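In: What follows is a predicted protein model with its sequence.
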Amino acid sequence: MTATTSRQTGAFTGTGILLRFMLRRDRWRLPAWVLGLTLLMVYFSTALGTVLDEASLAGMAQLARSPVTALVGGPGYGFDAITVPRFLAGLYGTYLMLGAAFMSMLTISRHTRAEEQSGRAELVLAGAVGRHAQPTAALVLAVFMNLLMALLMTGVVLTAPLDPAPEPAPTILFTASIAAVGIAFAGVSTATAQLSPFSRTCTGLAGTVLAVSFIVRGLGDMSRVQDGRLAWLSWLSPIGWAQQTAPYTLDRWWPLLLPLLFAGFTAGLGFRLRSRRDLGAGVVADRPGNDRAPTWLGSPLALAWRLQRGTLIGWSGAFLVAGLVFGAFTQTITDTAGDMPPEILAVMGGATAITEGYLGFMGIYFAVMLSVYGILAVTSLRGEETSYRSEPVLAAAVGRVGWVLSWVAVAAAGALWLSVLAGIAEGLGAVLVTADWSLFLPTVLGHGVQFAPVWLFIGLAAAFYGLVPRLVGLVWLVFIAGSVLSMFGRMLQLSQTWLNLSPFEHVGQHPATEVAWAGVGLLAGGGVILALLGALAFRRRDLTAV
């Protein structure tokens, strides 16, 4: 090989061409994500600027002392002298960070591991394209999407009807912190994409890192507003790093270095791991299978269970630990109820039964996290199709409708199992600190019925998959909007009409309130109908590889 040829086929040769190709492929997906998250910022900033007056803000000043607010929002910097911009950044920024993380994770997976599964990466690398060109182009695309999103959000906040009007520098810091989390999880996805040959496993691992980051950050912030002994946990989370910038209060730029350095480290790890594996393989070697499949693996339902089993086991472990930990905060919440503002008490059903209110609220909190599992489980069916593994299954005596419904059924059963497991774990945690066994069964029931809104999201994802598979990612925007309305709608004193737009509002917060069995039935039934619609639509369309 000559020196000229060697230079032409360096590790990063062709990055620019691949980047243009990715932009062409994502000509609809990119604006959907970026504009969707920007519209959420439009909604937040406009709603806060319109709804919050001086009296409301005075009540919000007490939110910083509430562990529940710290759990769902963050450390609450500046809430002792609260303003509308501080409230926007301190409480709603967290969910925009989650949206940016999802956008980056799915973008990296789509353009790296999914390309290897489909066989297109092999064709691309057969040309004058370097080994690292594809992940580099995907990273550049993810960074570009986050920076564009931050730029648009900056314009939105600066022109929103907020009082006092936000200054440019802290506003840029606020939106940059959102983008920094997205970039950090682009790096995480680059690393996890090297571990397994299957895109659903790689995306699931990145999602697990995100879930752990959110939970660890929540525990640290809850402790910060109480005894502070575990406040250091917030510094173990990329989300916590971004929140430590404290826009409109401390205006610290240096914490942004942490998620960016983390992104650089994880992306570098991903490149190194990619150099040590074969194309199409994973760093973690596949175990050789048996010569013959077990007899129970003779149906599409059994195959769907086998393919989703590892993910469900991982989520089960995470929910078990999280339930025990959050249940252990029950006595602390009860002891500090007298210091909580009315807005927080309203979220938990009032001051007369704060213990039951907290446990009921945590049921919704787990339902929000569980929806991530459900959506990821269904969207992984798209990976089965684009990697050509669905095709041999459907070439056998397996109908298209049966295949989709089998996959969705396993995801739905997993959601039901995880909701009950979360209730068992949280009920045990509450009993351990209160010694009140009467809380156990109501907590299990209150958490268990929260499967219903998760089923609705599963059905919605299945409908998108069957009808317009390329737009299945839009389910995440619906999920983020619904979770934000449920978590913060009552704090903003929004009307019940607005709150009813969230699927999480129609089950109730048992044991603080009675279970809304009609809502459970409608949500679960709606999810089933949407799943059937998606399965029937899948029967009428061609299999696609993009």
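Out: Happy to help now that I have it.
In: Can you give me the buried ones in the helix or strand harbouring residue 425?
Out: Using DSSP states H and E, residue 425 sits within helix 400-434. For helix 400-434, the neighbour count (16 or more other CB atoms under 10 Å) marks 400-431, 434 as buried. To be clear about C-beta, it is placed using only N, CA and C from the backbone, and glycine gets the same treatment.
In: Show me what that helix is packed up against.
Out: Contacts defined by 3 or more CB pairs under 8 Å, 6 or more residues apart in numbering; DSSP states H and E place helix 400-434 against helix 300-327, helix 330-335, helix 354-386, helix 390-395, helix 440-448, helix 451-467, helix 517-539.
In: again, only this time at 6 Å
Out: For helix 400-434, the contact count by 3 or more CB pairs under 6 Å, 6 or more residues apart in numbering; DSSP states H and E identifies helix 300-327, helix 330-335, helix 354-386, helix 440-448, helix 451-467, helix 517-539 as packing neighbours.
In: average model confidence for that helix?
Out: The average pLDDT within helix 400-434 is 92.
In: Just want the angle from that helix to helix 354-386.
Out: 150 degrees (axes from the mean of the first three to the mean of the last three CA atoms, to 10 degrees).
In: chain center to helix 400-434, what's the gap?
Out: Offset of helix 400-434 from its chain centre (CA atoms, centre = their mean, to the nearest Å): 17 Å.
In: picking up where we left off before, please convert the helices and strands packed on helix 400-434 to TSV, extending it with mean neighbour count.
Out: Converted to TSV, these look like this (neighbours: other CB atoms under 10 Å):
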stretch	mean neighbour count
helix 300-327	19
helix 330-335	19
helix 354-386	24
helix 440-448	22
helix 451-467	27
helix 517-539	19
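In: Any idea which of those helices gets closest to residue 168?
Out: Across those, residue 168 has its closest neighbour in helix 354-386 (32.9 Å, CB to CB).
In: That closest one vs helix 517-539, what angle?
Out: Helix 354-386 runs at 10 degrees relative to helix 517-539, counting by the same axes, to 10 degrees.
In: Name the residues that touch the helix or strand that contains residue 274?
Out: In this assignment (DSSP H and E), residue 274 forms part of helix 257-275. Identification of contacts with helix 257-275 by CB atoms under 6 Å, 6 or more residues apart in numbering yields 132, 180, 183-184, 187-188, 190-191, 194, 238, 241-242, 283.
In: tell me which residues of it are tucked away?
Out: Buried positions in helix 257-275, judged by neighbour count with 16+ other CB under 10 Å: 258, 259, 260, 262, 263, 266, 267, 269, 270, 271, 273, 274.
In: Report the mean confidence score over that helix.
Out: Averaged over helix 257-275, pLDDT sits at 95.
In: what does stretch 480-489 give?
Out: Averaging pLDDT along stretch 480-489 gives 80.
In: for stretch 200-215, same thing?
Out: Mean pLDDT, taken over the full extent of stretch 200-215, equals 85.
In: Then stretch 175-192?
Out: For stretch 175-192, mean pLDDT is 96.
In: Is residue 164 within a helix or a strand, and which one?
Out: Of the helices and strands defined by DSSP H and E, none includes residue 164.
In: With residue 20 instead?
Out: Under DSSP H and E, the secondary-structure element containing residue 20 is helix 15-25.
In: name the helices or strands packed onto that helix?
Out: Packing contacts for helix 15-25, counted by 3+ CB pairs under 6 Å, 6+ apart, involve helix 133-159.
In: Which elements pack onto the helix it packs on?
Out: On a contact count with 3+ CB pairs under 6 Å, 6+ apart, helix 133-159 meets helix 15-25, helix 29-51, helix 93-111, helix 168-192.
In: Could you check those and tell me which one is nearest residue 374?
Out: Closest of those to residue 374 is helix 93-111, at 13.7 Å (criterion: CB to CB).
In: Which element is encountered next along the chain beyond the closest one?
Out: helix 113-118.
In: Send over that following helix as PDB, restricted to the C-alpha atoms.
Out: The C-alpha coordinates for helix 113-118 follow below in PDB (Å, rounded to 0.1, in the frame of the first residue of the first chain):
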ATOM      1  CA  ARG A 113     -24.900  -0.400  15.900                       C
ATOM      2  CA  ALA A 114     -28.100  -0.500  13.900                       C
ATOM      3  CA  GLU A 115     -26.100   0.100  10.800                       C
ATOM      4  CA  GLU A 116     -23.900  -2.900  11.600                       C
ATOM      5  CA  GLN A 117     -26.900  -5.100  12.300                       C
ATOM      6  CA  SER A 118     -28.400  -4.300   9.000                       C
END
